[in-house]
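*Asks:* below are the sequence and a predicted model; questions follow.
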Amino acid sequence: MGEQTRNVIVSGAARGIGRSLSRHFLDKGDRVFLLDIQEDELKYCVDVHLAKHADRVAYALCNLRDPEAIRQAIKKAALFFGGRIDVLVNNGGIAAPQWRDGKTMEDPDTLGEWQAYMETNLTAPFVASQACLPFMKRDEVLASDEGAAKVAAEVGSTAGPCIVHIGSFRAHQSDPNQEGYAASKAGQLGLMHSMAISLARWGIRVNLVAPGRIKAAHECREGDEAGVEWAHQVEGKDVADHPTNRAGRPRDVAQAVDYLINAGFVTGEELTVDGGALKKKN
């Protein structure tokens with residue numbers, strides 16, 4: 001989309017990677033609408049952390065397990081943007097990779113957690129994407145010489161509307177007791193692939209960023225007030241586990257998302273941001 005101001009929605013935006021993504025887009029001059037369920041953290045993020053961007057940022061409380069709440073929040077975002085949504089980043093989700101309280105696959109009580117993973121990490125991105133379509137899609141692209149000429153005329157001025165899912169390298173590699181998290185993240189890959197094909201007719205590209213171990217605990221109110229920074233969280237194990245010799249930063253994810261937004265010839269792709277961890281033999 002070049003230097004054009006983009007209208008961007010970020011879910012799970014109050015803290016962690018989502019907060020970093022929101023700040024990244026605002027620093028680039030974009031307009032950003034934040035979605036999150038944590039009211040106090042969300043208000044702090046917008047009113048304090050992002051205060052200098054007050055004229056280009058807005059937010060809505062949103063429970064990602066409630067489809068109607070998602071639809072209403074997207075409508076609020078579209079109204080804030082004046083009717084056009086350029087980018088949706090489906091970042092919100094349950095980030096705890098393992099069953100709570102040491103539970104394992106044989107414990108029937110994991111079923112409630114399983115459902116929460118699926119509703120939050122997989123159904124919510126589908127519903128949010130669906131709700132954005134009326135505000136993102138272009139005129140239908142026809143497979144004809146006329147349609148080709150129309151698309152060609154637009155190349156160079158814009159990369160077009162884009163949806164980016166935030167997945168995980170756990171779609172490919174698991175530790176014990178990660179069935180709920182890993183399955184939901186693997187499901188996001190299938191969702192992304194199918195959406196990329198289904199939405200091509202309206203000029204909407206769909207991709208996925210799969211982060212590895214990203215140290216993002218400092219991206220919150222508590223971290224700000226305590227003066228915690230990314231470097232304070234790095235351990236010796238992070239060097240040993242990553243060919244890049246460090247753990248990931250939220251900024252690494254933001255840079256990957258920004259690449260996919262601007263990469264007009266890339267759709268249906270997974271971009272892994274894991275410091276090479278998946279390639280290293282343990």
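*Replies:* Now that the structure is in, tell me what you want to look at.
*Asks:* ok now stretch 212-227, how far from the chain's centre?
*Replies:* Centroid displacement of stretch 212-227 relative to its chain, using C-alpha atoms, centre = their mean, to the nearest Å, is 18 Å.
*Asks:* buried residues of it, list them for me.
*Replies:* 212-216, 218-221, 223 (16 or more other C-beta atoms under 10 Å). Quick note: C-beta positions are derived from backbone N, CA and C, even for glycine.
*Asks:* distance to His193 and pLDDT for these - can I get that in JSON lines?
*Replies:* Output for the buried residues of stretch 212-227, formatted as JSON lines (distance: C-beta to C-beta, whole Å; pLDDT from 0 to 100):
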{"residue": "Gly212", "distance to His193": "21", "pLDDT": "90"}
{"residue": "Arg213", "distance to His193": "25", "pLDDT": "89"}
{"residue": "Ile214", "distance to His193": "23", "pLDDT": "89"}
{"residue": "Lys215", "distance to His193": "29", "pLDDT": "86"}
{"residue": "Ala216", "distance to His193": "27", "pLDDT": "87"}
{"residue": "His218", "distance to His193": "34", "pLDDT": "91"}
{"residue": "Glu219", "distance to His193": "30", "pLDDT": "88"}
{"residue": "Cys220", "distance to His193": "33", "pLDDT": "87"}
{"residue": "Arg221", "distance to His193": "37", "pLDDT": "92"}
{"residue": "Gly223", "distance to His193": "35", "pLDDT": "89"}
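*Asks:* which ones among those lie within helices?
*Replies:* Mapping the buried residues of stretch 212-227 onto helices (DSSP state H) picks out 221, 223.
*Asks:* so Leu35 is in which element?
*Replies:* Using DSSP states H and E, Leu35 maps to strand 31-36.
*Asks:* again, but for Tyr117
*Replies:* Secondary structure from DSSP H and E places Tyr117 in helix 110-117.
*Asks:* so what does the helix or strand following that helix touch, helix or strand wise?
*Replies:* Per DSSP H and E, helix 110-117 leads on to helix 124-136 as the next helix or strand towards the C-terminus. Where contact means 3 or more C-beta pairs under 8 Å, 6 or more residues apart in numbering; DSSP states H and E, helix 124-136 is packed against strand 7-11, helix 67-81, strand 87-90, strand 162-166, helix 179-198.
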